[in-house]
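S.K.: Here's a sequence, model it:
(one chain, ligands or ions: 1)
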Amino acid sequence: MLYDRLDLLRTRTTKRLAELYKQRGFNHQAVWEREAFVDREVERLERLLSVDRGLCFGRLDTRDHTVSHIGRIAIADDEYNPLLIDWRAPAAEPFYRATAANPGDLARRRHIQVRHRRVVGVDDEVFSPADSPAGSAAALHGEAALLASLSEHRTGRMSDIVATIQAEQDRIIRSPLGGVLVVQGGPGTGKTVAALHRAAYLLYTYRDRLERSGVLVLGPNRTFMRYIEQVLPSLGETGVTLTTVARMLPEVDPSRPESREAAVVKGDLRMAPVIAAAVRHHQRIPRTAIPLHVEGADLTLEPADVRAARARARRSRRPHNEARPVFTREILTVLARQYLERSGQVADDDDVADARADLRDEPDVRAVLEELWPVLSAPQLLAELFSSPKLLATTARALDPEERAALQHQRYASEEHPWTEADVPLLDEAAELLGEPPDEAALAQARREAEERRAEAEFARDLLTGLDLGFPVDAGQVAERYRGTKTTSSVGDRAAADRTWTYGHVIVDEAQELSPMAWRMVVRRVPSKSMTIVGDIAQTTAAAGARSWAAVLDPHVEGRWRQETLSVNYRTPAEVMDVAARVLSTIDAELEPPRSVRTTGVRPWALQVPSEKLVGETATVVSGEIDADEQGRLAVIAPAELAADIYAALTETLGSAPVAGVSGAAAESGDPAPKVALGTDDPAALDARAVVLTVQQAKGLEFDSVVIVEPASIVADSARGPTDLYVALTRPTQRLGLIHTGALPESLDGVGAPGFQPRHR
Ligand SMILES: Nc1ncnc2c1ncn2[C@@H]1O[C@H](COP(=O)(O)OP(=O)(O)OP(=O)(O)O)[C@@H](O)[C@H]1O
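M.R.: Predicted coordinates:
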């Protein structure tokens, strides 16, 4: 019945849209109104089209025999009686929160499993007032549905968990919008997935406040963003901007590699005053008077005049480029007065203004102004700073000589990809202090408008293709008709293209990896300081990353952040987590590993091989693992220097031909998945049967099976000792193997040889 209603609503919405497109607006107001209707209907249609899978997944029966159904969206009949309650509505809360100890007025909670619009399973929890109050407060909700979903093969893309959200996750998802919420939790505790559901919840509950400003989700790398990108659309939310910290500047492609030392210095808060000093360095006072010969008159610019002009410009508190007109005007006034005096005129304000305008165009005057207060761009400022030891020595006194040396590059200006990821927050810091160059502001506006026009046309084209209206409508004309009224490109698109955009809420995933300078950049994007910060201090692998949440947040919101902790590991089975827990205790003996919700009966194994056979044996083992599990996805996590060789050997052993029958995005698109991929730049990284990754690349991802090569080298190469190994060990959902040549790290002693674990799940 619910699906019939869904289909009917889709048909009605499509028809209404078709009608709206046929209408012609006869004045601006009418066009605007129609566009607003179109926007609303398109959004509604997108939502109705995205919720087919698992439309309804829950039912609540109260003691007074009221029945309600919980699902992905709200659906009502023609008399507005609710048929389905949106999972985010307050009325749906008991579905996630009720416990045997605290059932409220619930008599029964039912989890419903649906496949292809058919109910394939139900799982009931009956609550009676006699339930023990201490009973099962920490028990799992909808255990059967939860365990079924956790044991499924990974598809290479994260799925939503709307049907099986657990109480501790629900508390995070529904936490109020304001302030900074930190979600600390071990690997696999659902931090990422809870944060994404929180984004959907906030957009639903605070739509008025968030619709215009938007929500930003930041993750560690582009592959990770691809891994999670389907979750919000599957919850009917498409207006969220997903990006990485490294890609926050629309025009910067930070693909240059970086030394660990340089990344640490660039991420340090001491860089903020260095950049401020570099900007101030370009607001110069001449040592001696500057003589100028202008239109037959000899003029002199005294250092004191320049100092006064600079003080005035600085007092304006505008960024450097935007304060330049103040400086210029002051200097030109000094010169104009001199000029009029020298030519014996008694000058009034109008004469001074005229003379100023004339002098502004004099090449010599322009050259002096450019010398004393040049228009600067952030890339220019940073390139100069990093390539001039002298400038670094004057601006970066707080850094020691080794740190300054780490910053220096000579080749910036000539390179196609001059920037590293750690440069991005510095470029942003510089851009903030410099402001828009006056004439570039107009250029930037023109660029934005051109981008909006392109997005409008694309949007209209997509819309018309999707609607199949049955009559010819030209996408360009649709876009043109709406132009000038309001843009049809989404808030997310516009926000992503604009460095100065500020968001209503920002979610930062793998937040422990951000450097202090990156935090400055992120916090600037959210003046309301409404943020959800998700991470695990025990998983910090970046050298410049966080050692405590207080250290990260106190500089920005001291004493004004709250923390929730997730304690249950949904990803990693107990057999694997036992091994990972031993490594965790070497990071910090005080740290508690998260509790796994399931066991698989499959023990992790370790295989020692001679060095010369390492690559070949890895290929053989991986090929065996893949054969054992026809549907599974596997990751080989290896030290960076071995990755390419392992990939080559695997390609040879497995063949590079694509394979059919793999689930996931590649299969859905009809394209067979490739067998092997290398690294996260490989477009097949998420779809291949096996992918070879470094620990950095594997962050936040998960695989059915993981083979770790040379764990001891992973520890030795890591900026944070055993942390990288801990991250690698916690990626599998089913099986874990270790291949090594020398001794294993002590914490892994006792992991048995392969051969005694079942090959099939
Ligand atoms: N309530 C739940 N129901 C079903 N699956 C869940 C639930 N919570 C988490 N999961 C699954 O557990 C896995 C781990 O979740 P997620 O990636 O969000 O963890 P994480 O805490 O971000 O891990 P890491 O710190 O290792 O990146 C995912 O496959 C997720 O879908």
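
S.K.: Apart from its chain neighbours, what residue comes closest to A355?
M.R.: A336 (3.7 Å; C-beta to C-beta, 6 or more residues apart in numbering). For glycine as for every other residue, the C-beta is placed from the backbone atoms N, C-alpha and C.

S.K.: Could you tell me how far the one you found is located from the ligand?
M.R.: Distance of A336 to the ligand, given as C-beta to the nearest ligand atom, to the nearest Å: 63 Å.

S.K.: so where is the chain shaky, pLDDT-wise?
M.R.: 24-29, 129-139, 409-416, 438-490, 656-673, 755-761 (pLDDT under 70).

S.K.: how would you label the spatially most central residue of it: helix, strand or coil?
M.R.: In the chain, the residue lying closest to the centroid (C-alpha atoms, centre = their mean) is L218, at 1.8 Å. The three-state assignment at L218 reads strand, by DSSP: H, G, I helix; E, B strand; the rest coil.

S.K.: OK, contacts around it?
M.R.: 243-245, 248, 506-509, 522 (C-beta atoms under 8 Å, 6 or more residues apart in numbering).

S.K.: Between those, which sits nearest D493?
M.R.: Closest approach to D493 among those (C-beta to C-beta): T243, at 11.5 Å.

S.K.: check which helix or strand covers the residue of the chain most remote from its centre.
M.R.: Computed with C-alpha atoms, centre = their mean, the residue of the chain farthest from its C-alpha average is G344, at 65.1 Å. Assigned by DSSP states H and E, G344 belongs to neither a helix nor a strand.

S.K.: Could you tell me how far it is located from the ligand?
M.R.: G344 is 78 Å from the ligand, by C-beta to the nearest ligand atom.

S.K.: phi, psi of that residue?
M.R.: phi 70, psi 20 (degrees, to the nearest 10).

S.K.: pretty sure R342 contacts L299?
M.R.: Yes: using C-beta atoms under 8 Å, R342 makes contact with L299 at a distance of 7.3 Å.

S.K.: who has more neighbours, those two?
M.R.: L299 (22 against 13; other C-beta atoms under 10 Å).

S.K.: Now do the same contact list for the more buried one.
M.R.: If you count contacts by C-beta under 8 Å, 6+ apart, L299 has them with 291-293, 335, 338-339, 342.

S.K.: which one of the residues you listed is nearest the ligand?
M.R.: Closest to the ligand out of the contacts of L299 is L335 (61.7 Å), distances taken as C-beta to the nearest ligand atom.

S.K.: That closest one looks like it's in a helix, true?
M.R.: Yes: assigned with three-state DSSP, L335 falls within a helix.

S.K.: For it, give me its contacts.
M.R.: L335 neighbours (C-beta under 8 Å, 6+ apart): 292, 294, 299, 301, 355-356, 359, 365.

S.K.: Could you rerun that using 7 Å?
M.R.: L335 is in contact with 299, 301, 359, 365, counting by C-beta atoms under 7 Å, 6 or more residues apart in numbering.

S.K.: Would you map the strands across the stretch 551-700 of the chain?
M.R.: 561-566, 568-569, 595-596, 605-608, 634-637, 676-678, 690-693 (DSSP state E, counting those that start in this stretch).

S.K.: Tabulate the ones you listed (CSV), appending distance to the ligand and mean neighbour count.
M.R.: Conversion of the strands of the stretch 551-700 of the chain to CSV gives the following (distance: least, C-beta to the nearest ligand atom, whole Å; neighbours: other C-beta atoms under 10 Å):
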stretch, distance to the ligand, mean neighbour count
strand 561-566, 7, 16
strand 568-569, 8, 21
strand 595-596, 11, 18
strand 605-608, 22, 17
strand 634-637, 13, 28
strand 676-678, 20, 25
strand 690-693, 14, 29
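
S.K.: Kindly provide the distance from the nearest residue to P319 once chain neighbours are set aside to the ligand.
M.R.: Nearest residue to P319, sequence neighbours excluded (C-beta to C-beta, 6+ apart): G435, at 2.9 Å. To the ligand, G435 is 38 Å away according to C-beta to the nearest ligand atom.

S.K.: ok, now V609?
M.R.: 28 Å.

S.K.: That residue contacts E617, doesn't it?
M.R.: Yes: if you go by C-beta atoms under 7 Å, V609 and E617 touch, sitting 4.4 Å apart.

S.K.: Find residues that contact each of the two.
M.R.: Counting by C-beta under 7 Å, 6+ apart, the contacts common to V609 and E617 are I739.

S.K.: how deep is L654 tucked in, by neighbour count?
M.R.: Count around L654 with other C-beta under 10 Å applied: 20.

S.K.: what residues are up against it?
M.R.: 623, 626, 675-676.

S.K.: and of those, the nearest to S585?
M.R.: Closest to S585, out of all of the contacts of L654 and judged by C-beta to C-beta, is I626, at 32.7 Å.

S.K.: any idea how far I75 lies from the ligand?
M.R.: From I75 to the ligand the distance is 23 Å (C-beta to the nearest ligand atom).

S.K.: Tell me the bridge partners for that residue.
M.R.: L84 (DSSP bridges).

S.K.: re earlier: how much space between the residue nearest to P319 and M271?
M.R.: When distance is defined by C-beta to C-beta, to the nearest Å, G435 is 19 Å away from M271.

S.K.: for R562, same thing?
M.R.: 29 Å.

S.K.: For the residue nearest to A355, give me its contacts.
M.R.: Contacts of A336 (C-beta under 7 Å, 6+ apart): 352, 355-356, 359.

S.K.: send the alpha carbons of stretch 382-391 over as CSV?
M.R.: Provided in CSV are the C-alpha atoms of stretch 382-391 (Å, rounded to 0.1, in the frame of the first residue of the first chain):
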residue,chain,number,x,y,z
LEU,A,382,53.4,32.4,-0.3
ALA,A,383,55.6,31.6,-3.3
GLU,A,384,57.7,34.6,-2.5
LEU,A,385,57.9,33.7,1.2
PHE,A,386,58.9,30.1,0.6
SER,A,387,61.5,31.0,-2.0
SER,A,388,63.2,33.9,-0.2
PRO,A,389,65.4,32.9,2.8
LYS,A,390,65.8,36.6,3.6
LEU,A,391,62.1,37.2,3.8
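
S.K.: roughly how far is that stretch from the heart of the chain?
M.R.: 31 Å (C-alpha atoms, centre = their mean, to the nearest Å).

S.K.: which residue packs closest to V114, ignoring adjacent ones?
M.R.: Per C-beta to C-beta, 6+ apart, closest to V114 is G54, 5.6 Å.

S.K.: Those residues of this structure touching the ligand, which are they?
M.R.: 146, 149-150, 158, 161, 164-166, 169, 185, 187-193, 536, 539, 570-571, 700, 702, 730 (C-beta under 6 Å from any ligand atom).

S.K.: What remains of these if I keep only buried residues?
M.R.: Neighbour counting with 16 or more other C-beta atoms under 10 Å marks 146, 150, 158, 161, 164-166, 169, 185, 187-193, 536, 539, 570-571, 700, 702, 730 as buried within those.

S.K.: which other helices and strands contact the helix or strand containing K266?
M.R.: Assigned by DSSP H and E, K266 belongs to helix 260-267. Judged by 3 or more C-beta pairs under 7 Å, 6 or more residues apart in numbering; DSSP states H and E, helix 260-267 is in contact with helix 401-407, helix 516-524.

S.K.: other SSEs contacting the shortest one?
M.R.: Meaning helix 401-407. Partner elements for helix 401-407 (3+ C-beta pairs under 7 Å, 6+ apart): helix 260-267, helix 389-395.

S.K.: Among the buried ones among the residues of the chain next to the ligand, which are located in strands?
M.R.: Using DSSP state E, G185 are the members of those that sit in strands.

S.K.: Which ones among the buried ones among the residues of the chain next to the ligand map onto helices?
M.R.: Assignment to helices by DSSP state H places the following of these there: 146, 150, 169, 191-193.
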